[in-house]
Every structure is written in C-alpha cells, then in structure tokens.
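# Have a look; sequence and predicted model below, questions after that.
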Number of protein chains: 2
Amino acid sequence: MSYSIQEVAKKMHITSYSIRYYHDQGMLPFVQRDANNNRVFNEIDLEWLQIIVCLRATGMPIAEIQHYLRLVQAGVETVPERYRLMKTQQARTQAEIRELQQHLKLIDRKVAHYAELLVDPQPDSIVPDGLAAAQAQVSSQPSTK
Amino acid sequence: MSYSIQEVAKKMHITSYSIRYYHDQGMLPFVQRDANNNRVFNEIDLEWLQIIVCLRATGMPIAEIQHYLRLVQAGVETVPERYRLMKTQQARTQAEIRELQQHLKLIDRKVAHYAELLVDPQPDSIVPDGLAAAQAQVSSQPSTK
DNA sequence: CCCTTGCCTTCTAGTTAGTCTAAGGTGTTA
DNA sequence: TAACACCTTAGACTAACTAGAAGGCAAGGG
C-alpha cells in the first residue's frame, strides 16, 4: 500500500506541513516520488513517521531524532547508544507525565473552586484567585522593599 | 517576604528570561520595582506566576492566559467563563497525559527491544527498527506507484 | 578612592518547530 | 475546455522563549 501526504497526515494526526518539514530535514529518508514528483509513502515510512511523532510528542528535539535515525541506519554496533537514548527518553516522558499530573491537581482545584462559586456565589469574596488579595496589596503600602 | 528575579526563577524552575517575558507581556501586573528599578516579587506575584507556569506547562497559549487574567481582574461576574476555561484546560491536560502514556508504551517497547539485543545480539536481524526492512525496500523495486 | 564582582536593567537578535501563503504544475471530471 | 482537487517549491511569518550586548548600581577588598 502507498499513501499521499494528506492520507498520511490524517492517519498520523499531524499536518502535511509537518510531514514536509520532517522530510526536508532528512528524517524520512525512504519516501519515494511518483511521476508527478509527489511524495509517496509506504508502510515503512509510516513506521518511521510514527517514531518521529512519538519522540517529538515526548519532547525530543529534531536534532536528537536525526541523530537517532543515523544510529539506526548505522547498524547493530550502535545498539548500546540507542538503548541509552531510549532510556533517557523514557525517563523524560515519565517525568513529564508526573509533572502534568501535578499541574492537573491545581487545575482540578480551580475547577472545583469555580464550581462552588457557581452554585453558591460569594459577593466578591476573600482570596478567591489570589487576585482579590493582590488588589488589596496594590492599594496598601508601595513596598519598595 | 520579597524576592529577586533569580530567586523566583529558582523557586519556580523557570529562567529569569521567561519571567521577564511574562512580565513584559503584562501577565504579572502586580510586580513592584525597588529604588534601582529591579523587579521585586512578593507572595501574590509568586501565586500568579504559579498559575501561569501551570497553564503554560499544560499547553495554554499566552494569549489565552492573558484573557484568563483579565477575567479574574474583572470580578465575580466572569466566574462562569473562568469555569468553562478551566474545564477545557482540565480536559486538555487529561488528554495530553493519556497521549503521553500511549507514546510511552512505544518507548517502553523500544527500550525492551534494545535491552534484549544487548543481552543476546542478533547479527543484523530482521525488522528490528523498521529500518532493516526499509533498507530492503530501497534495494527492491523503485515503486513509482 | 578605585576596581572588581555580581546582580540587575533594557534592547535587540537568534532559535526551534512548525504554519501558512503564493505561484504554479498535473489529472480527473462536467 | 474549464473547473476542481491535489500536489509541488520557496519563502514569509509566528509563538515562546533564549541569549548576548551594553550599561547601572552596591558591596567589598586593597
């Protein structure tokens, strides 16, 4: 099976712009062209793109992905470095998930707070968002340390 | 208590560049200056910055954070919109976490695969990274669709 | 008193990773 | 034969930082 750039874009949930960008950066070295110079993607290209999308989404910079690609193409003697690279990425992603979960807690609190206010509106209450307090501060001493 | 920009940067795990950037964008409206024109941050500013960092880390664009800030400053009648905004951000963050967990699975598989290769090296085996297969494809038919 | 160190300032330029527009080619359908 | 849909490239634009240059101010040491 072969696919057009738009089909691939839809399949991968990214834009065709990004795919062209990755291709321009040499990250899709096996993409073919048809008689009209259009890019033609096959299963292998999709597999590669899947990895690129995964690594990008988990925060790996383009340059590092390019390096990884070169390692894979270089053959089995680069397996140790590939292993280290993936281990690092694994740790990075786990950390990122934990961080997001922390941030989510704050958002959950905000949601709960606003839900409460919606049910039981406080007439301009005390310290709701840390902003009522802020405005109190503004009108108090100028506090030049 | 009041803090210098570097102290705040350390506390919040962001750079002083980012803090100045947020301040320049009007997102820290209560930051004071000392006699030397240096920025002086207090607890309220830290609270605000905490929210900014949280919303940015969970993917909210600067413009939307600015909008949220304006809502908070506008008073209680904006609580319904603030609620909707935070609900959206909550959903966005939950989706992002799920997505990262999916991507992590692929990374886990790569790690496991390389770990196996390290213990039991396959002499340039079949379809390890989707690249041995790719190179096979290259040397086969040019496939101009 | 001067000099260095260190932290701050503003302004400006550069970076990353896309994202989009313009101008144009090709192929299918009405 | 024209309209439409799809592709192409080159290059401009964007968001959100990120960094460098040039300089102010205060503390401390010789």
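Perfect, thanks for sending it.
# Now do the nearest residue to A:Q101 once chain neighbours are set aside: how many residues are near it, please.
Excluding the flanking residues, the one nearest A:Q101 by Cβ to Cβ, 6 or more residues apart in numbering or on different chains is B:I97, at 6.5 Å. From N, CA and C alone the C-beta is placed, and that goes for glycine too. Other residues near B:I97 number 18, with proximity taken as other Cβ atoms under 10 Å in any protein chain shown.
# same question, A:L100
So A:L100, with other Cβ under 10 Å, has 20 neighbours.
# Give me the contact list for the longest strand out of those in chain A.
Criterion DSSP state E: the longest strand present in chain A is strand A:39-42. If you take Cβ atoms under 8 Å, 6 or more residues apart in numbering or on different chains as the criterion, strand A:39-42 is touched by A:1-5, A:7-8, A:19-20, A:23, A:28, A:30-34, A:49, B:137, B:143-145.
# Mind checking which of the residues you listed are buried?
A:2-3, A:5, A:8, A:19, A:23, A:28, A:30-32, A:49, B:137 (16 or more other Cβ atoms under 10 Å in any protein chain shown).
# Strands along chain A, start to end?
A:2-3, A:32-33, A:39-42.
# Could you confirm whether the longest one reaches DNA strand D?
Yes. Judged by Cβ under 7 Å from any atom of the strand, strand A:39-42 and DNA strand D are in contact via A:R39.
# close to DNA strand D, is stretch A:96-112?
No. Taking Cβ under 7 Å from any atom of the strand as the criterion, stretch A:96-112 and DNA strand D are apart, separated by no less than 13.7 Å.
# Name all residues that make contact with A:M27.
Residues in contact with A:M27 (Cβ under 8 Å, 6+ apart) are A:48, A:52, A:62, A:65-66, A:69.
# Pick the one among those residues closest to chain B.
A:W48 (6.4 Å; Cβ to the nearest Cβ).
# what about the nearest residue to that closest one once chain neighbours are set aside, distance to chain B?
Leaving aside its sequence neighbours, A:W48 sits nearest to A:L28 (Cβ to Cβ, 6+ apart; 5.9 Å). Using Cβ to the nearest Cβ, to the nearest Å, A:L28 is found at 10 Å from chain B.
# tell me the contacts of A:L28?
A:L28 neighbours (Cβ under 8 Å, 6+ apart): A:19, A:22, A:41, A:45, A:48-49, A:52.
# B:L106: which of the strands of chain A is closest?
Among those, the nearest to B:L106 by Cβ to Cβ is strand A:39-42 (19.0 Å).
# Show me which residues of chain A sit near DNA strand D.
For chain A, the contact set with DNA strand D under Cβ under 7 Å from any atom of the strand comprises A:4-7, A:16, A:20, A:37-39.
# Widest-spaced pair of the residues you listed?
Pairwise over these, using Cβ to Cβ, the maximum falls at A:E7 and A:N37, 17.2 Å.
# What are the structural domain limits within chain A?
In terms of domains, chain A is parsed into A:2-74, A:101-139 (source: automatic domain parsing).
# Those: which one's closest to DNA strand C?
Nearest to DNA strand C among those is domain A:2-74 (3.2 Å), distances taken as Cβ to the nearest atom of the strand.
# Briefly note if that closest one comes near DNA strand C.
Yes. Applying Cβ under 7 Å from any atom of the strand, one finds domain A:2-74 touching DNA strand C at A:14-15, A:17-18, A:20-22, A:35-36, A:56, A:61-63.
# Now list the buried members of those.
Buried subset of these (neighbour count, 16+ other Cβ under 10 Å): A:14, A:22, A:56.
# Pretty sure the residue nearest to A:Q101 sits against A:E99.
No. With contacts counted by Cβ atoms under 8 Å, B:I97 stays clear of A:E99, the gap being 10.0 Å.
# Where does pLDDT dip in chain A?
Chain A contains residues with pLDDT under 70 at A:123-145.
# Look through chain A and tell me its longest helix.
Longest helix in chain A by number of residues, with DSSP state H as the criterion: helix A:79-119.
# how deep is A:E99 tucked in, by neighbour count?
Residues near A:E99, counting by other Cβ under 10 Å: 14.
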